Each structure stands twice: as C-alpha cells, then as structure tokens.
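Undergrad: this one's structure only:
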C-alpha cells in the first residue's frame, strides 16, 4: 500500500502523528518519502532525534499551518497519500476560542481538500472524533462539519483520482490532552482526583491501535466512507481505581460541552451503517456517483454486508466491550 508512495501527515508532530510516522518508517522500508507537516519547530526537532540518519533520508519536515492555503498546496506537491490529523482538539479551549477553532478545523479541512484535488492526490484520510457524532460543543461541531466536507469532497473531485474518507474514533490513551497523564500526576502528588460524574464512560484505544485502524481504513476506502473501529469503553471510576485504588475523588460537576457518555454512531447514522467484523462503515447519506455498495464490496472482496438495525447506536455506555480495572492496569503499564 505504501511502497513507492509519498505520504504527508498534517499535524505530524502530535500524538497520533508521532506514532504514525514511527510505525510507517519501521514497517515500510520502501516508501518514497514521508512529509511531516506541522507548525511547531521544537516538536519537529524532537521528532527528528528519534530516527537514524538512514531513516531521516525518507523524511521531510515542513513548517506550516493548515490555515495557510498556499503552504498546504506547496506541501502537497507530488504526494500520493494524505493523513489529515491537524486540529484544535481541546473542548474548553475551543469554547473560549471559537473563531480560531473554526479557522483550523473547518478552514484547514477546506485547504487540504482543495489542495489534494489540485495536486491529484490518490487517497486522503481525515481523522475525526466521537465528539463529531451528535455534537454538543464547538469542537465536535467543527469536526462534524469537517467530516461532511471530506465526504462530499468526493463529489467535488469529479473525475480526478482523488478519494476522501474519514476515520472516527474515541479517546486515545495518554495522548496530549488525555486525562490519564493528569491523573497519574495527581496520584504521585497524593492529591484528590477531580471527577465530573461517577457514571461517566468513555471510548478508549491506544495510540498503536489508532495507527492500526488508519492503515485499515486506507486499505479499504474507495472514498465516501466514515470508518468507525470497534473499540473498548471504560467507566471513569474504574480508571481511577486502576491508577490508584486509594485515591480520593472530588466531584466537580460536568464542564460546558461535556457529555456523560460519548457516541461514535448515532441512531440516524445507523440507517446508513454497515457492520463488519472489526469496524463499522457509515456510508454516504446522499447519492454519490463514486460510492456504491457493490463497488465497496467488490473492492474489499465481500460477498455480503449487513446494515445496522434502525434503532442501533454506538455509545460508550452501551458498548459490549468494557475494560475491567485489572485490564486497565495492564494497559496502563504498557503505555
């Protein structure tokens, strides 16, 4: 899939970007080049230090912002595959800085889409979040808008070879902004853990899993799909027990824009969702010349696909795969 290909990762120095770049360089020795596109020179410098001189020959480091249409277009020159991971992701930060969030998460998506079509990119995979499903905060709303832009970009692309799909998943353990490093710090300092609600649940996957699912989506996409991996959930109190069973908790109430349970597939999405073994595929709502169920089945060697029941929804509290305290402990030891 990646042999003799040029790949670009926006937000390439973030948590996902770091893991994606490291995995790609380690597993795929025959890539043509891998471009890390981000706006933080210090993070690029720190990422460079992880690789040998031989590996660095495959890497290109571009300073740039997805808001900058010209720079994005420049970076996309002679690229085959794009992973769009750049975003403003903190819920409270987005609420306080709505215009800046819109510029990055929606305007940035538009720049990547138009630049990809102009440069005849082969595949574009945009990363999304559970907060884009039935959003109640600005971050989620901008990511829902971004998802729709990428899916409908397949119509804009017309007869060009460029295809666009989305990968939507939940909280990534120990990524930047994750509650886990914060709780671990409080545990060391013997301070109480602030909990917004004892009943709160969250989807969860590791960085390694998020990269694995991005490879899967790139391999299976024909353009127009939102891929939703089947992941685990946990209760917030079980996470506290896994980090420190003796920790005191302090109930602080839910923050603005915070859900009690997260959602990856709404009951509206379910009407258009195919249930496969390890993941779901939300198919396009509207007629799309490029996307046909038969084409998707043929491309992925599927003899039959089943759509979800009309009353189905995929939320963190109705998940069949819940992590126990002991399992959470094992996962935390390997992060």
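TA: The structure has been received and is ready for your questions. Everything numeric here is computed off the predicted structure, so don't read it as measured data.
Undergrad: right, and the helix or strand after the host helix or strand of residue 203?
TA: For residue 203, the host element (DSSP states H and E) is strand 201-205. Sequence-wise, the next helix or strand downstream of strand 201-205 (DSSP H and E) is helix 207-220.
Undergrad: which of the residues in that next one are buried?
TA: Buried residues in helix 207-220, counting neighbours by 16 or more other Cβ atoms under 10 Å, are found at 207, 209-215, 217-218, 220. To be clear about C-beta, it is placed using only N, CA and C from the backbone, and glycine gets the same treatment.
Undergrad: Can you tell me which of the residues you listed is closest to residue 28?
TA: Distances from residue 28 to those, taken as Cβ to Cβ, are shortest for residue 215 (9.7 Å).
Undergrad: so that closest one makes contact with residue 19?
TA: No - counting by Cβ atoms under 8 Å, residue 215 sits too far from residue 19 to count as a contact (11.6 Å).
Undergrad: Give the helix, strand or coil label for residue 319.
TA: Look at residue 319: counting by DSSP: H, G, I helix; E, B strand; the rest coil, its state is coil.
Undergrad: Then residue 136?
TA: coil.
Undergrad: ok, now how distant is it from residue 232?
TA: Distance from residue 136 to residue 232, counting by Cβ to Cβ, to the nearest Å: 23 Å.
Undergrad: Same question for residue 3.
TA: For residue 3, the distance to residue 232 - Cβ to Cβ - is 32 Å.
Undergrad: all strands of the stretch 151-300 of the chain, in order?
TA: Ranges of strands in the stretch 151-300 of the chain, per DSSP state E, counting those that start in this stretch, are 163-169, 171-172, 193-195, 201-205, 226-229, 232-235, 249-251, 263-265, 273-275, 279-282.
Undergrad: right, and those strands - which one's nearest residue 321?
TA: strand 232-235 (4.8 Å).
Undergrad: Pull the residues that contact that closest one.
TA: For strand 232-235, the surrounding residues in contact (Cβ atoms under 8 Å, 6 or more residues apart in numbering) are 199-205, 316-317, 319, 321-323, 328.
Undergrad: now, the most widely separated pair of the residues you listed?
TA: Every pair of those checked by Cβ to Cβ; the farthest is 199 and 205, at 21.3 Å.
Undergrad: Quick check: beta-bridge partners of residue 124?
TA: residue 82, residue 164 (DSSP bridges).
Undergrad: So for this structure, the centremost residue is which one?
TA: Nearest residue to the geometric centre of the chain (Cα atoms, centre = their mean): residue 127, 3.5 Å.
Undergrad: Next, work out how far apart that residue and residue 10 are.
TA: When residue 127 is compared with residue 10 (using Cβ to Cβ), they lie 9 Å apart.
Undergrad: intersection of neighbour lists for these two?
TA: Common neighbours of residue 127 and residue 10, counting by Cβ under 8 Å, 6+ apart, are 83-85.
Undergrad: Reformat those residues into CSV and put distance to residue 280 next to each item.
TA: Output for the shared contacts of residue 127 and residue 10, formatted as CSV (distance: Cβ to Cβ, whole Å):
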residue, distance to residue 280
83, 20
84, 21
85, 21
